[in-house]
Each structure stands twice: as structure tokens, then as C-alpha cells.
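Enquirer: when you get a sec, could you give me coordinates for this:
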Amino acid sequence: MSKRIKQLREKIDFEKTYSLDDAAKMVADLKTAKFDETVELALNLNVDPRHADQMVRGAIVLPNGTGKSVKVAVLAKDDKADAAKAAGADIVGSDDLVEDIQAGNINFDTLIATPDMMGVAGKVARVLGPKGLMPNPKNGTVTPDVEKAVKEAKAGKVNFRVDKKGNIHAGVGKASFSADAIKENLTTLLAEVNKKKPAAAKGRYITNAALSLTMSPSLQLDAVELLDVN
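Expert: This is a model prediction of the structure:
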């Protein structure tokens, strides 16, 4: 174990579950890296995403943003392409953008598409899907209102999706954020995850939760408290 990790672990009570208040105040003290580390939330949900009626996914704009500069690409034509450019999209294209993706040039964090472009987007579904970049109407990345979608993505929109083991990972800010900003982002995301609880999910919905920085050990959160966030 490195000296850095040992010093960090001495700050954490691993027998304790932390409240949102305490975790939001403490997480920034775990910073040791020379860059502004991301505050990361990890959740384990009591769902089986192999069943369509237990899939949990969604998107939410965090009130204080993510602290990350998001590069947005848009699949659109004509006036919708113009609207995307005006809204601040970094990359706008149609067939040419799909060709770039097919060639392995994926230099964006979010891909938005107008509904009429989904046939074209389907050509690269196998490339985009595993990376979590395939446009989807459920998280607002397939929409005729590209201007709104681009602005939300730039403002700090977080897309979340449960993996095959029932886990959700999401960035909710930076180590440089205030404790209040981190907590506000956390509660906003948790409220949205709670809203997405499938009717088919039985038992306690959130089974485990942890908060950490990119390079730090995790603070175990009080999962029962999280169930009441709305």
C-alpha cells in the first residue's frame, strides 16, 4: 500500500456509513492528485437489468454542473444543424460524422441526434453502444430540439444507466466544489434515480452507495437515507 493511500485511509472510518452532509463535507479532503479530481457516486441497485422492466436509466442536469468541459457532437442536417452550431455544439455532421465514427474518430463526450438521423446512427450502433454514446430518446439525446439538448449537455447533464450487475457510476462534481454544491448535485441525481425505481423491483432499491474522488478510497454512504431523497 502506498504512503498516499495509507494516509487517506487513516482519514476514513470504514466501519461507518456517512450521511450525505458528512460525505459532501469530507470528500474534498481526500484530494491528493495534482489535478481537480472528479467526485464520483457509485450505487448498487436491487434490480436485474436483464429484464426490460427492471432497467434503470435516465438523465438529469445537475444544478452546479459537473465541472467538466463537455464536447458535444450532433447528428443533424439543414436548419437543425445550424441550430446545433448556434447552441455551441463542437461537432455537427450527418453522413460525414458517421463515417468519422466508423473510422474510430470518436472525439466527443455526448452524441445528440435528430429523430430523422437515427437510421444513419444505426450504422454505428455497435461502436457507440458499448461506449454508452448511442443516442437514445429516454435520456434526451434523440430529439428535434437540438438547441435545448446541446445547452443541457454543456450545462452539466449526467446520463446514467444501470450495468448488468446493477451498478450506476456518475460524476457529481469536482474536488474544488463547495460541500453545498456537491450535496445539491448529489441529491438532484439521487432524486432522479429514485423516481426511476421500476415497479418490478422488490425489496430495498438502493443496497449500497459510496462517494469518492478519482484517486481516493470510498466513503460508504447511508443507503437508507438515500432512499428518502426526492
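Enquirer: can you show me the helices along this structure?
Expert: With DSSP state H, the ranges of helices along the chain come out as 3-11, 20-26, 78-87, 95-102, 118-121, 125-128, 146-155, 179-195, 223-227.
Enquirer: deepest of the ones you listed, which one?
Expert: Most buried of these, by mean neighbour count (mean count of other CB atoms under 10 Å): helix 146-155, with a mean of 21. Placement of C-beta: from N, CA and C, glycine included.
Enquirer: check what contacts it and list those residues.
Expert: 61, 65, 70, 72, 74, 76, 80, 83-84, 86-89, 109-110, 112, 114, 140-141, 143 (CB atoms under 8 Å, 6 or more residues apart in numbering).
Enquirer: test my guess that residue 71 contacts residue 90.
Expert: Yes. Counting by CB atoms under 8 Å, residue 71 does reach residue 90; the two are 4.7 Å apart.
Enquirer: which neighbours do the two share?
Expert: residue 108.
Enquirer: out of the two, name the residue with the larger neighbour count.
Expert: More neighbours surround residue 90 than the other of residue 71 and residue 90, with 19 against 14 (other CB atoms under 10 Å).
Enquirer: roughly how far apart are that one and residue 133?
Expert: 14 Å (CB to CB, to the nearest Å).
Enquirer: equivalent analysis for residue 163, please.
Expert: Counting by CB to CB, the gap from residue 163 to residue 133 is 15 Å.
Enquirer: thinking again about what came up before, any residues in contact with both of residue 90 and residue 133?
Expert: In contact with both residue 90 and residue 133: residue 108, using CB under 8 Å, 6+ apart.
Enquirer: point out where the chain drops to low pLDDT.
Expert: The model of the chain has pLDDT under 70 over residues 1.
Enquirer: circling back to that earlier point, for residue 51, find the nearest of the helices of the chain.
Expert: Among those, the nearest to residue 51 by CB to CB is helix 179-195 (18.0 Å).
Enquirer: export that closest one as PDB, just CAs?
Expert: C-alpha atoms of helix 179-195 as PDB (Å, rounded to 0.1, in the frame of the first residue of the first chain):
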ATOM      1  CA  ALA A 179     -19.700  20.900   0.100                       C
ATOM      2  CA  ASP A 180     -23.100  22.600  -0.500                       C
ATOM      3  CA  ALA A 181     -22.600  22.300  -4.300                       C
ATOM      4  CA  ILE A 182     -21.600  18.700  -4.100                       C
ATOM      5  CA  LYS A 183     -24.600  17.800  -1.800                       C
ATOM      6  CA  GLU A 184     -27.000  19.700  -4.100                       C
ATOM      7  CA  ASN A 185     -25.700  17.800  -7.100                       C
ATOM      8  CA  LEU A 186     -25.900  14.500  -5.200                       C
ATOM      9  CA  THR A 187     -29.500  15.000  -4.100                       C
ATOM     10  CA  THR A 188     -30.600  16.100  -7.500                       C
ATOM     11  CA  LEU A 189     -29.200  12.900  -9.100                       C
ATOM     12  CA  LEU A 190     -30.400  10.600  -6.300                       C
ATOM     13  CA  ALA A 191     -33.900  12.000  -6.600                       C
ATOM     14  CA  GLU A 192     -33.900  11.200 -10.300                       C
ATOM     15  CA  VAL A 193     -32.600   7.700  -9.700                       C
ATOM     16  CA  ASN A 194     -35.300   7.100  -7.000                       C
ATOM     17  CA  LYS A 195     -38.000   8.300  -9.500                       C
END
